[in-house]
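S.K.: Okay, predicted coordinates and the sequence, questions at the end:
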Amino acid sequence: MNAPRLIAAAVLLAAGTAAAAEPYPSKPVKIIVAFTAGGTTDIMARTVAKRLSERFNQPFVIENKPGAGGNLGPR
């Protein structure tokens with residue numbers, strides 16, 4: 001009866017190391033801004049993205065999706 005417990009423990013340990021091996025974020029992060037480029041919201045988002053890029057050593061990309069009163073941004 002100890003064999004199933006040993007196997008379960010080995011599986012859990014292997015799963016934990018596999019999940020911890022990949023750093024976050026592992027690919028560029030997209031930030032969606034629901035307003036046109038060049039506006040106040042866009043400028044603030046680009047400022048935040050720059051600081052996040054420096055902190056995480058990962059590119060943060062701004063994508064502007066204006067229209068529909070800002071409702072396109074959350075998609």
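M.R.: In hand now; what should we look at?
S.K.: The protein: helices as residue ranges?
M.R.: Along the chain, counting by DSSP state H, helices occupy 2-21, 40-56.
S.K.: Which positions within the shortest one qualify as buried?
M.R.: Translated: helix 40-56. Thr41, Asp42, Ala45, Ala49 (16 or more other Cβ atoms under 10 Å). Any C-beta I mention is one placed from the backbone N, CA and C, and that applies to glycine too.
S.K.: Make TSV out of those and add pLDDT and distance to Val29.
M.R.: What follows is the buried residues of helix 40-56, written out as TSV (pLDDT from 0 to 100; distance: Cβ to Cβ, whole Å):
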residue	pLDDT	distance to Val29
Thr41	88	18
Asp42	90	16
Ala45	92	12
Ala49	94	8
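S.K.: May I see those residues organised as CSV, with distance to Val33 added?
M.R.: Converted to CSV, those look like this (distance: Cβ to Cβ, whole Å):
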residue, distance to Val33
Thr41, 6
Asp42, 5
Ala45, 5
Ala49, 10
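S.K.: Let me know the pLDDT of Asn57.
M.R.: Asn57 is assigned a predicted lDDT (pLDDT) of 88.
S.K.: do Gly38 as well
M.R.: So, for Gly38, pLDDT stands at 90.
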